[in-house]
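# sequence first, then the predicted structure:
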Amino acid sequence: MSFVVLGFILKHGHLASLVVPAAIAVVFGCTMSAAFATLSKWDIPNVFKSLRMLVGHKIKSPTEMIEEIVALAEKARREGLLYLENHLENVEDSFLRKGLQLVIDGAEPEVVSGVLETEIYALEERHRVSHEFFESAGSFAPTMGIAGAIMGLIVALGNIQDPDSLGPAIASAFVATLYGVVFAYCVCFPIASKLKTLTAKEIMLRRLIREGVVALQSGNNPIIIRERLNAYLNPDARAALAAAQEQQLTKAAE
């Protein structure tokens, strides 16, 4: 958005001419009203919560999560699954903690997998509502900008008997169109895309956790669990992890 302002200045435009209260009211007010109209009252809080993902959302990397799950699997293999109850309070990720609690409580692997998959589905649905809200706002904004411009032109042409004010009035009318396009393509659509990306990363991490918890419950060897979970890493991360493990083995041998 800053580059739009910069371009306007380079065109020798006056910034004050971009501030049109009527256009702001029409474009932003109508756009957000129309977007909120697409939601149910239960979905509105989720939209505001999702905005926190853009600035303060932090999740562990897949590599860190794999290391944590493998470490827990090693403890469970040595001491038994019930021993993990002593470590639950040290598990920061609530999804992993819930999966481990189900295992400790003796739930069947199919039940554990089903409960965790339901949690993943619910998360995906909550986030889908949020990014679709901003996609809707982005699709409405340019149209509201055109509506604001038309309203401005109606007012300007209504005062056509005053030629001196006609030019500024027409220019002011088109500011609404600029608002609509910029708001859609510099704010709404980027936020929607960012939310989609963050959601995809979180879902992938939760699927990794589900796979690890079920493998841990089944008593798989920690080495096998690591190999299964490494499938969730991209090739570069796998190569870096393999190099780090090889370096550790070399140091241990020395």
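Everything's here; your move. Residues are numbered from 1 along each chain as shown.
# so what's A137 up against?
31-32, 34-35, 183-184, 188 (CB atoms under 8 Å, 6 or more residues apart in numbering). Heads up, the C-betas are built off the backbone N, CA and C, glycines and all.
# which strand or helix spans V47?
helix 44-56 (DSSP states H and E).
# moving C-terminal of that helix, what's the next helix or strand?
With secondary structure assigned by DSSP H and E, helix 44-56 is succeeded by helix 62-79.
# for that following helix, buried residues please.
By neighbour count on 16 or more other CB atoms under 10 Å, the buried set for helix 62-79 is 62-63, 65-66, 68-70, 72-73, 75-77.
# quick one: it to chain centroid distance?
27 Å (CA atoms, centre = their mean, to the nearest Å).
# list of residues touching it?
Against helix 62-79 from outside (CB under 8 Å, 6+ apart): 60, 83-84, 87, 91, 93, 96, 100, 204-205, 208-209, 212-213, 215-216, 219-222, 225-226, 229-230, 232-233, 237, 241.
# again, but for stretch 199-209
Counting by CB under 8 Å, 6+ apart, 59-60, 62, 65-66, 69, 93, 95-96, 99, 116, 119-120, 123-124, 127-128, 131, 229, 232 sit against stretch 199-209.
# picking up where we left off before, which two of the buried residues of helix 62-79 have the greatest separation?
Farthest-apart pair in these is P62 and R77; separation 22.0 Å (CB to CB).
# quick check: mean pLDDT across the stretch of helix or strand R206 belongs to?
Secondary-structure element containing R206, defined by DSSP H and E: helix 189-217. Helix 189-217 carries an average pLDDT of 91.
# and that helix with helix 62-79, angle?
20 degrees (axes from the mean of the first three to the mean of the last three CA atoms, to 10 degrees).
# centre of the chain versus helix 189-217, how much separation?
10 Å.
# ok, stretch 176-195 next?
The chain centre lies 16 Å from the centre of stretch 176-195; the measure is CA atoms, centre = their mean.
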